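Undergrad: fold the following and give me the result.
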Amino acid sequence: MDSPIANEAAGIVSDGGESLFHNVPLAPDVPVYAVMAAYKKDPSPNKLNLGIGVYRTEDGQPHMLNVVRRAEQMLVNELSVDKEYLPITGMAEFNKLSAKLVFGPESPAIKESRVTTVQCLSGTGSLRIGADFLGKHYHQLTVYLSQPTYGNHPNFFSVAGLALKTYRYYDAKTCGLDFQGLLDDLGSATTGAIVLLQASGHNPTGVDPTSQQWEQIRQLMRLKGLLPFFDCAYQGLVSGSPDADVEPVRMFVSDGGECLVAQSYSKTMGLYAERIGALHIVCKKAEVARCVESQLRLVIRPMYSSPPIHGASIVTTILRDRDMYNEWIIELKAMCDRIARVRQQLFDALHVRGTPGNWSHITRQVGMYTFSGLNEGQVAFMTKEYHIYMSSDGRINMAGLGSKTVPYLADAMHAAVTRTF
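TA: Coordinates of the predicted model:
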């Protein structure tokens, strides 16, 4: 005979009453992924995806580096490869090679064991782990972000309990750097605060400081005791030289001071789905670096405990072999050259059409992105009438554009700018 309690419980389940989660609100879509979803649903044969930051072929297809294919084939044929858990801090050789790629093989900080490196889940994971570490162990819980910045940056730090502030960066009038505004804002920043910097290929603006400007930034930040946290997502994909693209990082490290660097291989090796990156923390003393690493392990352990092995194996295979490394550099340079070429082609196409405005910033800006200057209404018009999908703030992923699609984009931009709303 069924008990009254059992019958009552069955009734509750079968009544179809309110869900225990009925108070959970519907979250808004993440803009960049909403754009990507809309693009996929669009049946137009002319549609163009210039939203999410991925490098595409001339025909707009996903691009896989030949050196990555070769590395994966080598891993498939390597019988000694296993799938055991990695340590919490990741693959030791990957960490060592990644640190050398950022800081240089002759870096005193590496030789003096003042750098601690942990393998993370791409740049996103590296930033999140760094933010959580700072939230637990750093004395000043304020972080300054460039205005504008990558849309996910605020999330990493706010969830770690840090207060968010901004510093001026982009000058809409010149489509360039508001350098004086940047200096003024950092000069009045809270002493000891964290400052998030992008090493090269600034997202979303494509505007980078010059070497001389970086040196002024370094001097000011050291004078104010500000802690630099570099986001290094495009090393080698801005100039074609991995060394040149991390010059700002090496400036800060060479003065003996401390900093954090979040490193990603998503763009630079096309390993988007492998989620492979690293967090580096440069300390003043080796014993401090050891303590920092011990605490990073405690941050990682309850999150994902151990990072994935495949992406780290690909990167390690490429970086430790001179021939494969050189092949990677050649492919990187070809990717950079193609982006520069379509920048020039787009500028020329707008010039030929007599499109109102000064579009020289398209060729002055660097890296994957152009901050076009198009407003939200103009972008919406281009999406509706031309099936062109991009960020509502006017950011164009130049790496998603090809020579064949430049004229179509130029037509759409011309129509958007000359149309009366």
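Undergrad: can you pull out the strands in the stretch 251-400 of the chain?
TA: When assigned using DSSP state E, counting those that start in this stretch, the strands of the stretch 251-400 of the chain occupy the ranges 259-264, 277-282, 369-371, 388-389, 395-397.
Undergrad: now render these as TSV, adding mean neighbour count.
TA: (Glycine included, C-beta is placed from N, CA and C.) Shown next, in TSV, are these (neighbours: other Cβ atoms under 10 Å):
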stretch	mean neighbour count
strand 259-264	26
strand 277-282	28
strand 369-371	27
strand 388-389	25
strand 395-397	25
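Undergrad: which residues of this protein score low on pLDDT?
TA: 1-16, 420-421 (pLDDT under 70).
Undergrad: mind running it again at 90?
TA: In the predicted model, the chain carries pLDDT under 90 at residues 1-17, 29-33, 52-53, 59-62, 78-82, 419-421.
Undergrad: quick revisit: can I get the strands of the stretch 251-400 of the chain in CSV with distance to residue 361?
TA: Shown next, in CSV, are the strands of the stretch 251-400 of the chain (distance: least, Cβ to Cβ, whole Å):
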stretch, distance to residue 361
strand 259-264, 26
strand 277-282, 30
strand 369-371, 7
strand 388-389, 19
strand 395-397, 11
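Undergrad: relative to residue 83, which of those is closest?
TA: strand 277-282 (20.3 Å; Cβ to Cβ).
Undergrad: distance of the spatially most central residue of the chain from residue 185?
TA: Nearest residue to the geometric centre of the chain (Cα atoms, centre = their mean): residue 233, 4.5 Å. From residue 233 across to residue 185, the span is 23 Å (Cβ to Cβ, to the nearest Å).
Undergrad: likewise residue 278?
TA: Distance from residue 278 to residue 185, by Cβ to Cβ: 29 Å.
Undergrad: ditto for residue 358
TA: 26 Å.
Undergrad: which residues does the residue lying closest to residue 94 once chain neighbours are set aside contact?
TA: Spatial nearest neighbour of residue 94, excluding adjacent residues (Cβ to Cβ, 6 or more residues apart in numbering): residue 312 at 4.2 Å. Residues near residue 312 by Cβ atoms under 8 Å, 6 or more residues apart in numbering: 86, 90-91, 94, 119, 276.
Undergrad: between residue 358 and residue 185, tell me which one has more neighbours.
TA: residue 185 (19 against 10; other Cβ atoms under 10 Å).
Undergrad: distance check, the more buried one against residue 127.
TA: Residue 185 is 21 Å from residue 127, by Cβ to Cβ.
Undergrad: cool, and residue 114?
TA: From residue 114 to residue 127 the distance is 21 Å (Cβ to Cβ).
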